[in-house]
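**Student:** okay, sequence plus prediction incoming.
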Amino acid sequence: VLGGILIDPGMMVEVAAILDGREKFGREKNGWIYEAMQSLDNRDAAIDFVTVVDELDNAGKLELIGGAGYVTELLTAVPTSINTIHYANIVHEKSVRRELVKAGTAIVQMAYRGDPGGAESLIAAVEQEIARVGRELHPKMVTVEELLSGVWDNLFNPKADAMQRIFTILPEIAQSDRN
């Protein structure tokens, strides 16, 4: 992933949609490099060997990752950026698996400790832990409530600059709009 971004910085946009932070990487030093790339991207700065090395140096992490030589290894590890998105999906999948292991460990510890609130309270805590991992799997997912929050207010009490019509390709809804 990191080598692909170094080869083609334009991949950062697509990778960022899959990997939302440095904690997705199994190796801490790769997470730091990704964080440096994100920082550069957020400032609309170039993402290349020189700028990434400089960003890591300024953050005091260059020597911790193994110096500029490690960044060079990443750059030469992949011949092309064509599979970067596939690699990002692999990193994401491994991240979810690591989170499942953490959740499983936490659930086992909860089960051994028990819960003063009884079995129902314990099951609720387990469900919360599993839901946390689910949010990791689908970080961009929103609930229907989140999606619709404010929609009814905007439909029935529109602001002056709000669009007054909703356009759709669904004929049933389009018909009801005309009536």
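**Tutor:** Received, thanks.

**Student:** quick one: distance of the strand or helix carrying residue 71 to the chain centre.
**Tutor:** Here residue 71 sits within helix 68-77, counting by DSSP states H and E. Helix 68-77 sits 24 Å away from the centroid of its parent chain (C-alpha atoms, centre = their mean, to the nearest Å).

**Student:** that helix: which residues count as buried?
**Tutor:** By neighbour count on 16 or more other C-beta atoms under 10 Å, the buried set for helix 68-77 is 68, 70, 71, 74, 75. Placement of C-beta: from N, CA and C, glycine included.

**Student:** now, which of these sits nearest residue 25?
**Tutor:** Proximity of the buried residues of helix 68-77 to residue 25 (C-beta to C-beta) peaks at residue 74, which lies at 11.7 Å.

**Student:** show me the helices in the protein, by range?
**Tutor:** For the chain, the helices defined by DSSP state H cover 2-7, 11-18, 28-42, 49-58, 62-65, 68-77, 84-113, 119-137, 144-148, 151-156, 171-178.

**Student:** who touches the fourth one?
**Tutor:** Looking back up the chat, that one is helix 49-58. Residues outside helix 49-58 that contact it (C-beta atoms under 8 Å, 6 or more residues apart in numbering) are 6, 32-33, 36-37, 39-40, 45, 62, 65, 68, 71-72, 75.

**Student:** buried among those residues? Need that as a selection in ChimeraX.
**Tutor:** Provided next is the ChimeraX selection string for whichever of the contacts of helix 49-58 are buried by 16+ other C-beta under 10 Å:
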select :6,32,33,36,37,39,40,62,65,68,71,75
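
**Student:** for this structure, give me the ranges with low pLDDT.
**Tutor:** 136-179 (pLDDT under 70).

**Student:** centroid-nearest residue for it?
**Tutor:** With distances taken as C-alpha atoms, centre = their mean, the residue of the chain nearest its centroid is residue 20 (2.7 Å).

**Student:** contacting residues around residue 12?
**Tutor:** Contacts for residue 12 were tallied using C-beta under 8 Å, 6+ apart; they are 5, 37, 38, 41, 47.

**Student:** residues near the last one, how many?
**Tutor:** Read it as residue 47. Residue 47 has 20 neighbours, counted by other C-beta atoms under 10 Å.

**Student:** repeat that for the first one.
**Tutor:** Other residues within reach of residue 5, judged by other C-beta under 10 Å, total 29.

**Student:** return the residues in contact with the closest residue to residue 121 other than its chain neighbours.
**Tutor:** Spatial nearest neighbour of residue 121, excluding adjacent residues (C-beta to C-beta, 6 or more residues apart in numbering): residue 115 at 4.5 Å. Counting by C-beta under 8 Å, 6+ apart, residue 115 makes contact with 121, 122, 125.

**Student:** closest to residue 28 among those residues?
**Tutor:** Lowest distance from residue 28 to the contacts of residue 115 (C-beta to C-beta) belongs to residue 125, with 28.9 Å.
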